[in-house]
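Enquirer: just a sequence and a predicted model for now, questions to come.
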Amino acid sequence: MLAMLIGSSVVMASPVEVTEPSCEQKMELTVTETKSFLLPGNPTTGFIWQVAECADVVEVKVEIQPMQSPRGMVGCPRNTEVSVTGKQTGQGAAKLIYARPWEKGKAPLHTHTVKVNVK
């Protein structure tokens, strides 16, 4: 879960799970507000979600979630949590790609775009 600091209180928010990884998503944020979502993946194949492009109005962090499968199981899928934080007012987009980092010049398996409006 993600903890967001608002004033002196902490609000817990669960990330939204995205079921269609290759899509466009819209998001509204205020400056310093963070929203998260989960993208499906399987890092054991070498494919990982990476930030390919990011507008100056936001900061994007990508973190592979801990394994949820039984001990000793290999090749199990794991979600990737993507956190988007508003840095300054304005509009922009972040583009994430699902690719193998060492396969330069090869098209990504999936592309996920987040269009952001920071108020």
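Expert: All right, it came through fine.
Enquirer: tell me the pLDDT at the residue positioned nearest the centre of the chain?
Expert: Closest to where the C-alpha atoms of the chain average out (Cα atoms, centre = their mean) is residue 82, at 2.0 Å. Reported pLDDT at residue 82 in the predicted model: 95.
Enquirer: please apply the same query to residue 75.
Expert: Confidence for residue 75, expressed as pLDDT, is 74.
Enquirer: and the closest residue to it other than its chain neighbours, what pLDDT?
Expert: Nearest residue to residue 75 in three dimensions, chain neighbours excluded: residue 44, at 5.0 Å (Cβ to Cβ, 6 or more residues apart in numbering). For every residue, glycine as well, the C-beta is placed using N, CA and C. The predicted structure scores residue 44 at 86 on the pLDDT scale.
Enquirer: would residue 44 count as being in a strand?
Expert: No: when the secondary structure is assigned by DSSP: H, G, I helix; E, B strand; the rest coil, residue 44 falls in helix instead of a strand.
Enquirer: quick one: it from residue 101, how far?
Expert: Counting by Cβ to Cβ, to the nearest Å, the gap from residue 44 to residue 101 is 14 Å.
Enquirer: surely residue 55 touches residue 88?
Expert: No: Residue 55 is not in contact with residue 88 according to Cβ atoms under 8 Å; the separation is 9.8 Å.
Enquirer: neighbours of the residue nearest to residue 75, how many?
Expert: Residue 44 has 12 neighbours, counted by other Cβ atoms under 10 Å.
Enquirer: please apply the same query to residue 25.
Expert: Around residue 25 sit 18 other residues, with neighbours defined as other Cβ under 10 Å.
Enquirer: in contact with the residue nearest to it when sequence neighbours are not counted, which residues?
Expert: Counting by Cβ to Cβ, 6+ apart, residue 114 is the residue found nearest to residue 25 once chain neighbours are left out, at 4.9 Å. Residue 114 makes contacts with 24-27, 60, 82, 84, 93-96, as judged by Cβ atoms under 8 Å, 6 or more residues apart in numbering.
Enquirer: of the residues you listed, buried ones?
Expert: Buried residues within these, counting neighbours by 16 or more other Cβ atoms under 10 Å: 25, 27, 60, 82, 84, 93-96.
Enquirer: separation between the residue nearest to residue 75 and residue 37?
Expert: Going from residue 44 to residue 37 by Cβ to Cβ gives 22 Å.
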